[in-house]
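Asks: Take a look and give me a structure for this.
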Amino acid sequence: SNGNVKIQANESGAVHTGISTFQDIDVDGHTNLDNVSVAGITTFSNDITLIDDKKATFGNNVNDLYIEHKNGGQSIINHGGSDDFWIAGRSNKYINITPGYSSTYSARFQLAGNLPGGATTPAKAELWHGISSSHGIKLETTGYGVTVYGTTQTQQLNVSGISTFTGDANFNGNVNYQGG
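Replies: This next block holds a predicted model:
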């Protein structure tokens, strides 16, 4: 058939060579297409499913950005583009990193935004330990530095500037004091 597709409609007996459509194509059942090229907007009414070890790629180069789920269970979002990688959300809301969709935070990032009356909420980052309701926030960035909640253990601490102690201070080892 000279590389053309021949379609014959059983009811009318009409024979068409080649495929041209000036209206929608409605296919019921399974359709296996080897290569599909779509120009314009594509709308899916159900989930898009990719099997393990297949990537959804974005950009002109193969590693600009891809999302992949590995057979071993790892999930990857990889940005290999030449510029920064951005994650955005609504102002005054949080971007949460959690084990699953839950209130057990590992990290939260509050986005800067405007509050009623013209006040601005600052952006901040929080690191959590355990279930947020029982252990809570452990480190939080503030406009003047960081706040650490709970006990801090360090192998070596170098402080330049003023240190203020509001309770007992215990020092094991040598303490050098300079002042007047």
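
Asks: all contacts plus neighbour counts: C-alpha atoms, from now on.
Replies: Noted.

Asks: Looks like Ala112 contacts Ile95 (just checking).
Replies: No. Look at Ala112 against Ile95 with CA atoms under 8 Å: they stay out of range, at 11.4 Å.

Asks: okay, the residue nearest to the spatial centre of the chain: pLDDT?
Replies: Against the mean C-alpha coordinate of the chain, by CA atoms, centre = their mean, the closest residue is Ile87 at 6.3 Å. Listed pLDDT for Ile87 reads 80.

Asks: Next, it: secondary structure please.
Replies: Under DSSP: H, G, I helix; E, B strand; the rest coil, Ile87 falls in the coil class.

Asks: Give me the distance between it and Leu157.
Replies: Distance, Ile87 to Leu157, using CA to CA, to the nearest Å: 34 Å.

Asks: Ok, Ala39 next?
Replies: The gap separating Ala39 from Leu157 is 60 Å, by CA to CA.

Asks: what's the answer for Asp24, then?
Replies: For Asp24, the distance to Leu157 (CA to CA) stands at 70 Å.

Asks: Thr43 too?
Replies: Applying CA to CA, the value for Thr43 to Leu157 is 57 Å.

Asks: repeat for Thr142
Replies: Going from Thr142 to Leu157 by CA to CA gives 21 Å.

Asks: Looking at those two, which one has more neighbours?
Replies: More neighbours surround Thr142 than the other of Thr142 and Leu157, with 13 against 7 (other CA atoms under 10 Å).
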